[in-house]
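*Asks:* from the sequence below, what's the structure:
(chains A and B)
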Amino acid sequence: MRVWHFSEMAYPQAWDVGHRMGTFRVTVPNSHYDPVVGADIYERHFAEYELCDELGIDIMLNEHHSTLTCTNAAVPLAGAVLARTTKRSRLLLLGSPVANRPDPVRVAEEMAMIDVISRGRLEMGLVKGAPYEVAPANMNPARLMDRFWEAHDLILKAMSTQDGPFNWESENYHYRQVNIWPRPWQQPHPPVWITALSPRSGRAIAERRHVAAALLSGGIAGAMFNGYRERAAELGWAAPPDRFAYCGLVGVGHTEAEGRRRADEVAGYVRTSPIVAEPFTNPPGYNPIAANVALLKTGPTAFGARVQTFDGRTIDPTKATVQEFIDARTVFAGTPDQVFEQIRTFHREVGGFGHLLIMAQGGTLSHDETCANLRLFAEEVMPRLDTLETPENRWGEQAERSAAAQ
Amino acid sequence: MELKQRVIRDVTVAFLEEGRGRPLVYLHGGFGLAGHEAFIGHLAERFRVIAPDLPGFGATELPRSWNVVDDLACFGLDLLAEFGLDDALLAGSCLGGWVAAEMAVRSTGRIRGLVLIDATGLKFGDHLTREIADIHAMGEAEQAETLYADPSRARRDTTAMNDQELAALAQNRESFALFGWKPYMHNPVLRRWVHRIDVPALVVWGERDRMVTPDYGRNWAAALPDATFELIHDAGHYPAVEQPGASAGRIISWSEETVS
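*Replies:* Numbering: from 1, shown residues only, chains lettered A, B, ... in the order given. Now for the predicted structure:
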């Protein structure tokens, strides 16, 4: 099991403004951002990532725009910094919101450069981007996934073509001389990761054999992983655990109380992240028609964020307790024994996964507390994760039959 | 009113057809034809009204490759030809007005007069001036305030609608974004060519439209070679919905005075 640390580099100093305005995204004026404070925030997060490099924890970065919950606004920039200052950790950029970027070839160049600077440590995440990312990018939300998959194809072709230039003129993208310098260190291109919420998306990722990552909701993860495994089996291969990743929040302490206190602070992330002004939660065309029909049937209340616990309860993530988040598999918290047990249970529940993305920092958790959280996890929990047995893939036989028929 | 169907170059088009007289083709706005029936009824007392669901709206399918307003404009011209119209009045509201203007810039060969009702499509001010309200950055309550003189007009109980109606609602919203997201609800090229609209035009505007204000409408009228501007009282962005009788009446009297 590979373990990756992730933090959004939040700006909690202005969260009172977000609460007052009823949104943490898009419309909060940046007069509430102090660059001096912001510089300290970058400094501490880079230091925490560099600690991961010492501890044998891999690194995950993401990006969001116009928001108090994430000041990492350009994943290749943070990735480039860490490509220089770390030596061992793999660098997962999860990811570049490619349907919101007008220039996929530029994305390919940036990624290739990080891969070379880091001497082949890049893991390349391509993401749809959250609905509220549409407004800052002002890219058309209608047919966004068409652009996503086309950008995906173009980026991989740009990375793996060595006898260019090649031509790419389509509905969405127009180039006549694609020929990136540098080309990536890893051949034919760095590993690709995609985040997904639905079994349908899991199936689409299985068709490309990329890593599928689920974030912050155990229920979503299980269904999406199964969609992936089922599609893989139809195509004649049994998807191994290293094709699956799950991101959960972690608070580990020498006592249960200490671990839960840390988790409670980290959970500031999930409690604020869904607070978004109504019009930016569901841009037209971002979600499929059927999903919108279901939302309209439920009425206006449907637009609030909801998370399902594993025993079927619905919780409001903006107000949930640590225990409720543990029940939803959003949080793993307590002593190292307890955290390991929670991860072990979840690992079994969703049929196994090969990558655990831990958010060991979120919300207001301080630098010292984050370092303590990371150290304890690395020393007391991480070594035991390799003892987890992979649950049986219930599509394994189907995969063999499909392969034999091919 | 019963929707009819007709295939126009592989697209199955749903449309209303009411009344007799000079043909008047009415192109709906971004929310579709629903709510415009009374207006169409008034117009049908004087005209043969043909009101299609534009591709991607209501019951008309959206061809997979279509994604720009040019597609709708060329479709509209094909529709005029398919119905054999050669002296039609062409009217459009909001997005439909934009499409009507795009059609007329391409050819007025089959168009005898143009009626723009709170139409979008042009930008008059500089890059820092937002002339077309950003409807996609508004919650439902603010949208209602922006679009209607009487915001209670916007109220609808979606929990009481059937799946087909809800799918049309969701599809309308998606298509509205598809055709009008960026540049937002206008075509920078169009302004260079509106001088080609060589037929009389009537620009009808809801006095209380906050999506595109009456001043924007006056700019529209000024940009056209031969246009009359008329305000409709107690109406917002959809005078056809809020004041169907007065709106239709204004169009009828203009056509009697202007279009022989």
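
*Asks:* residues in contact with B:Gly217?
*Replies:* The contact partners of B:Gly217, by Cβ atoms under 8 Å, 6 or more residues apart in numbering or on different chains, come to B:Leu116, B:Asp118, B:Ala119, B:Val203, B:Trp205, B:Asp209, B:Phe229. No exception for glycine: its C-beta is placed from N, CA and C like everyone else's.

*Asks:* the first one: neighbour count?
*Replies:* When counting by other Cβ atoms under 10 Å in any protein chain shown, one arrives at 30 neighbours for B:Leu116.

*Asks:* that one - that's part of a strand, no?
*Replies:* Yes: B:Leu116: assigned to a strand according to DSSP: H, G, I helix; E, B strand; the rest coil.

*Asks:* spatially nearest residue to it, not counting backbone neighbours?
*Replies:* Using Cβ to Cβ, 6 or more residues apart in numbering or on different chains and skipping residues adjacent in sequence, the residue nearest B:Leu116 is B:Gly97, 4.2 Å away.

*Asks:* can you give me the end-to-end span of stretch B:209-219?
*Replies:* End-to-end span of stretch B:209-219 (Cα to Cα, to the nearest Å): 14 Å.

*Asks:* ugh, wrong one, I meant stretch B:140-157
*Replies:* With Cα to Cα as the measure, the first residue of stretch B:140-157 is 13 Å from its last.

*Asks:* now do the contacts for A:Ala333.
*Replies:* When contacts are counted by Cβ under 8 Å, 6+ apart, A:Ala333 touches A:249-252, A:259-260, A:262-263, A:322, A:325-326, A:339, A:342.

*Asks:* which SSE is it in?
*Replies:* Using DSSP states H and E, A:Ala333 sits within strand A:331-334.

*Asks:* direction included, what does that strand pair up with?
*Replies:* Note on strand A:331-334: by DSSP bridges, its sheet partners are strand A:244-252 (parallel).

*Asks:* quick check: buried residues in the following helix or strand past the strand holding A:Ala333?
*Replies:* Going down the chain from strand A:331-334, the next helix or strand is helix A:336-349, by DSSP H and E. Within helix A:336-349, the residues that qualify as buried are A:Pro336, A:Gln338, A:Val339, A:Phe340, A:Gln342, A:Ile343, A:Phe346, A:His347, counting by 16 or more other Cβ atoms under 10 Å in any protein chain shown.

*Asks:* check stretch A:12-27 too.
*Replies:* Buried, per 16+ other Cβ under 10 Å, within stretch A:12-27: A:Pro12, A:Gln13, A:Ala14, A:Trp15, A:Val17, A:Gly18, A:Met21, A:Thr23, A:Phe24, A:Arg25, A:Val26.

*Asks:* low-confidence ranges, the chain, go.
*Replies:* Assuming you mean chain A. A:300-305 (pLDDT under 70).

*Asks:* if you could check chain B rather than the one you did, that'd help
*Replies:* Those would be B:260, if you go by pLDDT under 70 across chain B.

*Asks:* could you point out the longest helix of it?
*Replies:* What stands out as the longest helix in chain B, according to DSSP state H, is helix B:163-180.

*Asks:* direction included, what does the very next helix or strand once past that one pair up with?
*Replies:* Next helix or strand after helix B:163-180 toward the C-terminus (DSSP H and E): strand B:201-206. The strands beside strand B:201-206 in its sheet (DSSP bridges) come out as strand B:111-117 (parallel), strand B:227-232 (parallel).

*Asks:* need the next SSE after strand B:201-206, C-terminal direction.
*Replies:* Counting by DSSP H and E, the element after strand B:201-206 in chain order, helix or strand, is helix B:214-223.

*Asks:* and of the buried residues of stretch A:12-27, the nearest to chain B?
*Replies:* A:Val26 (7.9 Å; Cβ to the nearest Cβ).

*Asks:* close to chain B: what parts of chain A are there?
*Replies:* Residues of chain A found near chain B (Cβ under 8 Å from any Cβ of the partner chain) are A:26-27, A:135, A:138-143, A:171, A:277-280, A:283-285, A:289-290, A:292-293, A:296-300.

*Asks:* buried among those residues? Make that a ChimeraX selection.
*Replies:* A single ChimeraX command selects the buried members of these (16+ other Cβ under 10 Å):
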select /A:26,135,139,140,141,142,143,277,278,279,280,283,284,285,289,292,293,296
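
*Asks:* helices - which of the residues of chain A next to chain B land there?
*Replies:* Members of these lying in helices (criterion: DSSP H): A:Ala135, A:Ile289, A:Ala290, A:Asn292, A:Val293, A:Leu296, A:Lys297, A:Thr298.

*Asks:* pull the most distant pair out of those.
*Replies:* A:Ala135 and A:Lys297 (25.6 Å; Cβ to Cβ).

*Asks:* contacts only, for A:Arg344.
*Replies:* Counting by Cβ under 8 Å, 6+ apart, A:Arg344 has contacts A:Leu388.

*Asks:* now do A:Lys319
*Replies:* A:Arg271.

*Asks:* how far away is it from B:Leu178?
*Replies:* According to Cβ to Cβ, to the nearest Å, A:Lys319 stands 37 Å off from B:Leu178.

*Asks:* equivalent analysis for B:Leu95, please.
*Replies:* Distance of B:Leu95 to B:Leu178, given as Cβ to Cβ: 11 Å.
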